[in-house]
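>>> the following block contains a protein sequence and its predicted model.
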Amino acid sequence: MFSQKPVLTGARVTLRPVGPEHADGLLALVSDPEVRRLTGSHAVPDPEACRQWCATRAGQPDRLDLAIEAGGEYVGEVVLNELDPANLSCNLRIALIGARAFGKGYGTEAIALALGHAFRTTPLHRVHLEVFAFNDRARHVYKKLGFVEEGLLRDALRWDGEWHDAVVMSVLRPDWQARSETLP
């Protein structure tokens with residue numbers, strides 16, 4: 001379903017298929033302490049693993065990994081993964097490179113472009129995600145783009161000795177279609 005790896009262009013960002021040229025940007029992203037907290041990533045960043053990961057994304061027909069670029073610079077990634085073709089569903093995840101990319105509308109536009117691609121060019125019916133309850137900024141963006149809170153995964157993340165819940169959210173094709181004229 002994601003065998004085509006498009007370039008998607010918006011007013012602020014361009015989404016490009018992840019390739020080897022994005023390895024340094026990905027390493028910076030996964031090394032940022034705030035990004036690690038927001039994504040719940042406990043893994044130790046590994047430069048070679050980042051290079052291998054970026055080099056293999058083009059050959060994955062069941063997922064779409066897109067680098068977010070602004071002004072020609074890597075500022076993050078947005079991914080459609082965990083494809084469930086029988087139920088026409090997939091997961092969305094996004095990460096921005098940190099303070100230099102936060103609050104500029106890059107994430108909002110990247111998600112809108114990814115959803116537009118998913119709902120215009122594939123038969124997908126549902127796109128879902130999880131976001132930690134403490135991430136108010138992301139939850140606000142997801143709601144603005146049509147995601148609905150469906151439930152709570154209690155104590156899903158242990159970070160610095162404290163437990164945090166994850167909020168499950170989704171957007172359905174009919175909901176997106178009804179709102180798509182107002183999205184970037």
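It's in.
>>> residues near the residue lying closest to Glu73 once chain neighbours are set aside, how many?
Residue nearest to Glu73 in three dimensions, not counting chain neighbours: Gly25, with 7.9 Å by C-beta to C-beta, 6 or more residues apart in numbering. C-beta coordinates here come from the backbone N, C-alpha and C atoms, glycine included. With neighbours defined by other C-beta atoms under 10 Å, the count for Gly25 comes to 21.
>>> surely Gly25 meets Ile97?
Yes: between Gly25 and Ile97 there is a contact at 7.0 Å, judged by C-beta atoms under 8 Å.
>>> between the two, what contacts are shared?
Shared between the contact lists of Gly25 and Ile97 (criterion: C-beta atoms under 8 Å, 6 or more residues apart in numbering) are residues Tyr74, Val75.
>>> what are the contacting residues of stretch 88-101?
25, 28-29, 32, 34-35, 38-39, 63, 68, 70, 74-84, 102, 106-107, 110-111, 114-115, 118, 123-129.
>>> right, and the helix or strand after the helix or strand where Ile68 lies?
Taking DSSP states H and E as the definition, one finds Ile68 inside strand 64-70. Proceeding C-terminally, strand 64-70 gives way to strand 73-84 as the next helix or strand, assigned by DSSP H and E.
>>> if I take that next one and strand 64-70, what angle do their directions form?
Computed by axes from the mean of the first three to the mean of the last three C-alpha atoms, to 10 degrees, the angle separating strand 73-84 from strand 64-70 equals 160 degrees.
>>> pairing partners for strand 73-84, with directions?
Strand 73-84 has these partner strands in its sheet, going by DSSP bridges: strand 64-70 (antiparallel), strand 89-96 (antiparallel).
>>> and the angle for the longest helix seen in the chain with strand 89-96?
What stands out as the longest helix in the chain, according to DSSP state H, is helix 106-121. Going by the same axes, to 10 degrees, helix 106-121 is angled at 160 degrees with respect to strand 89-96.
>>> which secondary structure elements does helix 106-121 sit against?
For helix 106-121, the packing partners by 3 or more C-beta pairs under 8 Å, 6 or more residues apart in numbering; DSSP states H and E come out as strand 8-9, strand 14-17, strand 64-70, strand 73-84, strand 89-96, strand 126-132, helix 136-144, helix 173-179.
>>> can you list contacts of that helix?
Under C-beta under 8 Å, 6+ apart, the answer for helix 106-121 is 4, 6, 8-13, 15, 64, 66, 68, 70, 75-76, 78, 80, 90, 92, 94, 96, 101, 124, 127, 138, 141-142, 144-146, 171, 173, 176-177, 180, 183-184.
>>> quick one, phi/psi of the residue lying farthest from the centre of the chain?
Residue distances from the centre of the chain (C-alpha atoms, centre = their mean) peak at Gly161, which lies 26.3 Å from the mean C-alpha position. In terms of degrees, to the nearest 10, the main-chain angles of Gly161 are phi 80, psi 0.
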